[in-house]
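> Sequence plus predicted model, see below.
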Amino acid sequence: MKHFMFLAALTFGLVGEALAERVDHFQGEAAETLQAAVEHFSEYNQRLEALLAQETLSDEELVQVHELTYTLENALETISAEVAELAEELEEVHLASERLDSEGVKRHGRVYLDKAKGLIDAG
């Protein structure tokens, strides 16, 4: 049993190493702004959809899928960060309203609305 486990680990290790050599790691396109992130998200989802529409995927097409996921991950990371900031500002508006803090509501409300408009415009 130990020999089988050793051989299995060795085999999977070699296969994984061979795949790593065949598929170089790809950085993907950076998404520095929300607008860039949404554009990449839309474009690369369309590319993924086109690849997935095929009956079978060649090794080259699988590599394309692998590479485009990096750009999608970058886009989602930026979108996620922007939405988190938006949620934080909305919470500040909420808390300020509970305290009857008119200035806080206005200050955080303006920041929130600016971020919200950016999100809507980017979409």
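Nice, I can see it. Numbers count the residues shown, from 1 in each chain.
> If you count neighbours, what's buried in the host helix or strand of Ala75?
Ala75 belongs to helix 59-98 when assigned by DSSP states H and E. Within helix 59-98, the residues scored as buried using 16 or more other C-beta atoms under 10 Å are 64, 67-68, 71-72, 74-75, 78-79, 82, 86, 89-90, 92-93, 96. (C-beta placed from N, C-alpha, C; glycine too.)
> Taking the residues you listed together, which two end up most distant?
Gln64 and Ala96 (48.4 Å; C-beta to C-beta).
> check contacts around the closest residue to Glu32 other than its chain neighbours.
Spatial nearest neighbour of Glu32, excluding adjacent residues (C-beta to C-beta, 6 or more residues apart in numbering): Thr78 at 7.5 Å. By C-beta atoms under 8 Å, 6 or more residues apart in numbering, Thr78 lies in contact with 31-34, 36-37.
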